[in-house]
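*Asks:* When you get a sec, could you give me coordinates for this:
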Amino acid sequence: MSPRVTVLLDESRRAHDGGGPRPVRIYEWRAARDSAPLVVLSHGTGGSALDLSWWAEPLCEAGFDVVGLDHHGNSHVDGYVAEAFVWWWDRPLDLSFVLDHVAPRGPVGACGFSIGGYTAAAVCGARVSAEAYRAMLTGAVEAAPTPEYPGLADEIVARYGSLPDRQEVARAWVSKAAADYRDPRVRAGFLLCPLGAPVDVDSLAAVDVPVAVSWTANDQSLPAPQNALRYARHVPGAEGGVVGSADSGHYGFVLPDQDDPKAKADVVDASVEFFTRTLAR
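*Replies:* The predicted structure follows:
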């Protein structure tokens, strides 16, 4: 099942090279039935929507239109840009931009993996904690490692200087990171191994759409107690649980050499059931 691929241009934001509008590549899997609900899909750090074809295709076969997108500068398809790994706010803006340009045939949901899980949560109303993001920028709290971009911190310092000494830059980034990116068109969110440690708990308590959270038992990259379980415990009515086996980790969803068929199958079953129920007209 091959998706239709299109590159949209967001005139309201600049591409990271400054040469034009921000590109947003989308992959469309269209269901056979009419009036299909739409699920927008956000990839993890450095990934691509095509890495999650194992998820998009069964959703489409179950009767959902699926639109995945590549986040500019944070996708291996076009290469990496340091800012795209720290300017998290561009991700939910990408989802809302896609909804502006892809006409849904039915109710809309969002799903995502890793930081894509945060992205889906953001359009459901989750917000980054200003204090947590500021602490990460200034080094007061050690940021989680970024194996996809090992030189990230050094490159940011080389380009902007030490952020503790660049208060105007830090303030601007914190303000954007902690803003509200809720999109009222999104009626449900499914979060897979989501980034959650920097998310403000009070914002989770105010989420008013159905949310499901899935995580693995042996996630060493985004351990569930500090990440997925923050959503599961604080979003009202959140559902979900562990997928895969006791050995399932973070990258079995996207890296071929760590492929985890059981975890993937569990996610497909859970998300099809969840969106069938929550996106019913």
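*Asks:* all helices for the protein, in order.
*Replies:* With helices called from DSSP state H, the chain shows them at 53-61, 90-101, 115-123, 130-138, 152-160, 167-177, 201-205, 228-234, 261-278.
*Asks:* now what about the fourth one, what contacts it?
*Replies:* What it means is helix 130-138. Helix 130-138 is contacted from outside by 86, 140-141, 143, 163-164, 170, 173-175, 177-178, 197-200, using Cβ atoms under 8 Å, 6 or more residues apart in numbering. To be clear about C-beta, it is placed using only N, CA and C from the backbone, and glycine gets the same treatment.
*Asks:* re earlier: select from the helices of the chain the stretch with the lowest mean pLDDT.
*Replies:* With a mean of 84, helix 152-160 has the lowest mean pLDDT of those.
*Asks:* May I see the buried residues of it?
*Replies:* For helix 152-160, the neighbour count (16 or more other Cβ atoms under 10 Å) marks 152-153, 156, 160 as buried.
*Asks:* List the buried residues of stretch 223-235.
*Replies:* 223-224, 227-228, 230-232, 234-235.
*Asks:* Between the two ends of that stretch, what distance do you get?
*Replies:* Terminal residues of stretch 223-235 are spaced 18 Å apart (Cα to Cα, to the nearest Å).
*Asks:* can you put the buried residues of helix 152-160 in JSON lines and add distance to residue 128?
*Replies:* JSON lines is the format used below for the buried residues of helix 152-160 (distance: Cβ to Cβ, whole Å):
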{"residue": "152", "distance to residue 128": "18"}
{"residue": "153", "distance to residue 128": "18"}
{"residue": "156", "distance to residue 128": "17"}
{"residue": "160", "distance to residue 128": "19"}
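*Asks:* Go through these and say which is closest to residue 214.
*Replies:* Nearest to residue 214, judged by Cβ to Cβ, of the buried residues of helix 152-160 is residue 152 at 27.1 Å.
*Asks:* how about that closest one, what does it touch?
*Replies:* Shown in contact with residue 152 (Cβ under 8 Å, 6+ apart): 82, 85-86, 146.
*Asks:* Neighbours of residue 179, how many?
*Replies:* Residue 179 sits with 15 neighbouring residues when counted by other Cβ atoms under 10 Å.
*Asks:* you'd agree it is up against residue 90?
*Replies:* No. Using Cβ atoms under 8 Å as the test, residue 179 is too far from residue 90 to be in contact (11.6 Å).
*Asks:* Report the contact partners of the residue most central in space within the chain.
*Replies:* Compute the mean C-alpha point of the chain, and by Cα atoms, centre = their mean the closest residue is residue 116, 1.4 Å away. Residues in contact with residue 116, defined by Cβ under 8 Å, 6+ apart, are 41-44, 47, 91, 192, 194.
*Asks:* Over to residue 218?
*Replies:* Residue 218 sits next to 246-249 when contact means Cβ under 8 Å, 6+ apart.
*Asks:* can you pick the most crowded of those residues?
*Replies:* In the contacts of residue 218, the most neighbours by other Cβ under 10 Å go to residue 248, 22 neighbours.
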